[in-house]
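Undergrad: The sequence and its predicted three-dimensional model are supplied below.
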Amino acid sequence: MMSVSNARTQPRGVAIRALLASGLAVGIAGCSASPDTNNRTSAAEHAGPGGGFKLVDTKGQTVTDQTLKGKPYAIFFGFTRCPDVCPTTMARMALLHKKLGTQAGKMNVVFVSVDPEHDKREDIASFLSMFDAPVIGLTGDPAELKRMEKSFKIYVERVPLPNGDYTIDHTARILLFDRDGQFADTMDAKEPEDQAVRRLSRLINA
């Protein structure tokens, strides 16, 4: 596992350029965990991911599940110090958003930080500025984030590091919701580009 501390040894922009240059081939590993094996739910939780939430964006404006209704959206849960999966996934989402062309403005891309201890609004804004797409960055009260992680079926585990710092293991899949805020599907950042664009286009036009 690559540590958060290791991620700090190179500038964020350099790291992201390296990811892009490699064709976004970094695997879903390191700071992530498989949602299939680590995100088990009880019999009472078989409903699809989603639900109400109340967070704030990078400008301090309140964003709720109702705010996002009207457009389909792709949402990813991660953290700004994630050394590989998070920047890879967000770079991929930015690329797919661009490939949608004139349809791009008909859907939202959302990033929710699972590290409220470190990720303040300005940290999230700085992280998202590295990607060429209008991403809605969200954070909020730790208790509200935990509740949202549970209702959206997102696995999150803080992992201590020997140097006293920590990293975070988390679900690495992108969740897709329709214009009514209903769960539609999941998407893997490694999905073939053409296939992913077609799926997003269908979601927009549904």
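TA: Nice, I can see it. Keep in mind that this is a model prediction, so the values were computed, not measured.
Undergrad: Buried ones in the biggest helix by length in the chain, by neighbour count?
TA: The single longest helix within the chain, with elements called by DSSP state H, is helix 85-99. Buried residues in helix 85-99, counted by 16 or more other CB atoms under 10 Å: 85-97. To be clear about C-beta, it is placed using only N, CA and C from the backbone, and glycine gets the same treatment.
Undergrad: Mind telling me what element the residue nearest the centre of the chain is part of?
TA: Using CA atoms, centre = their mean, the residue of the chain that lies closest to the mean C-alpha position is Phe76, 1.9 Å off. Here Phe76, judged by DSSP states H and E, is contained in strand 73-78.
Undergrad: who's in contact with that strand?
TA: Contact with strand 73-78 is made by 31, 85-86, 89-90, 93, 107-114, 149, 152, 154, 156, 170-171, 174-177, 187, 200, as judged by CB atoms under 8 Å, 6 or more residues apart in numbering.
Undergrad: The next helix or strand after the longest helix of the chain vs helix 85-99, what angle?
TA: Using DSSP H and E, the helix or strand that follows helix 85-99 towards the C-terminus is strand 108-113. On the basis of axes from the mean of the first three to the mean of the last three CA atoms, to 10 degrees, strand 108-113 is oriented at 170 degrees to helix 85-99.
Undergrad: on that earlier part again, I'd like the buried residues of helix 85-99 laid out as a markdown table, including distance to Leu138 and pLDDT.
TA: Shown next, in a markdown table, are the buried residues of helix 85-99 (distance: CB to CB, whole Å; pLDDT from 0 to 100):
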| residue | distance to Leu138 | pLDDT |
| --- | --- | --- |
| Val85 | 18 | 95 |
| Cys86 | 14 | 97 |
| Pro87 | 17 | 97 |
| Thr88 | 20 | 96 |
| Thr89 | 15 | 97 |
| Met90 | 13 | 97 |
| Ala91 | 19 | 96 |
| Arg92 | 19 | 96 |
| Met93 | 15 | 96 |
| Ala94 | 17 | 96 |
| Leu95 | 21 | 96 |
| Leu96 | 20 | 96 |
| His97 | 17 | 95 |
